[in-house]
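[1] Give me the fold of what follows.
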Amino acid sequence: MKRIAIVTPWFGQEAKGGAEIQARQIAFRLAQRGHDIEVLTTCCRAFEDSWGENHLPEGASQEGEITIRRFPVDNRDDQAFQRVRDRLLRLPSSKLRIGSSPIDPEDERIFVDESINSSSLHAHLKDNRKRYDAIIFIPYLYGTTLKILPDVAETAFLQPCLHDEPYAYLNSVRDVFSK
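    The predicted structure follows:
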């Protein structure tokens, strides 16, 4: 039996996106195979909700055979994030080049820092990374992956749920994939 952490920004039946559904399936299927599964997620309920608001209670709970450990989200500048995100989404595909971020370093920092993040989740993993045989991050494009995975790369696995989209061309994404 392996002790496995799954890190995802949202987790629960109300989280309906493809990556969220996949994270749930991975968690329950690994638990059914006898692994000790702990989902590390935020107190944000779903993609559609405010990423800077804690909708669910902090702490550990059980759902079937898995432990869900929720951490509060960090305060964020949603307007700055939306400005950068909108700029990325308006880029024509002809401007996207592998190995070259389509935005300047300051905008890329804003994209990562003002995404959904949890300093508490980050601290938990840094302090407890040896407790896990593997740490699976899903998906790639949020602060919960981009900021945390580099600090636990020795046991990290990335389930990217990658699309050919402007976010995939960011230097911080390239760096996480390389780790």
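[2] biggest helix in this protein, by residue count?
    helix 18-32 (DSSP state H).
[3] Quick one: residues in contact with it.
    The contact list for helix 18-32 (CB atoms under 8 Å, 6 or more residues apart in numbering) reads 4, 6, 8, 10-11, 13, 15, 37, 39, 46-47, 64-66, 136, 138-139, 159, 161. C-beta here means a position set from N, CA and C on the backbone, and glycine is covered the same way.
[4] Now do the strands in the chain.
    Secondary structure of the chain (DSSP state E): strands located at 3-7, 36-42, 59-63, 66-71, 134-137, 156-158.
[5] can I get those in JSON lines with distance to residue 30?
    JSON lines is the format used below for these (distance: least, CB to CB, whole Å):
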{"stretch": "strand 3-7", "distance to residue 30": "6"}
{"stretch": "strand 36-42", "distance to residue 30": "5"}
{"stretch": "strand 59-63", "distance to residue 30": "14"}
{"stretch": "strand 66-71", "distance to residue 30": "9"}
{"stretch": "strand 134-137", "distance to residue 30": "9"}
{"stretch": "strand 156-158", "distance to residue 30": "12"}
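[6] Determine which of those approaches residue 77 most closely.
    Among those, the nearest to residue 77 by CB to CB is strand 36-42 (17.1 Å).
[7] Backbone dihedrals for the closest residue to residue 77 other than its chain neighbours, please?
    Spatial nearest neighbour of residue 77, excluding adjacent residues (CB to CB, 6 or more residues apart in numbering): residue 114 at 4.9 Å. Main-chain dihedrals, residue 114, degrees, to the nearest 10: phi -100, psi 10.
[8] burial measure for residue 114, as a count.
    Applying other CB atoms under 10 Å, we find 23 other residues in the vicinity of residue 114.
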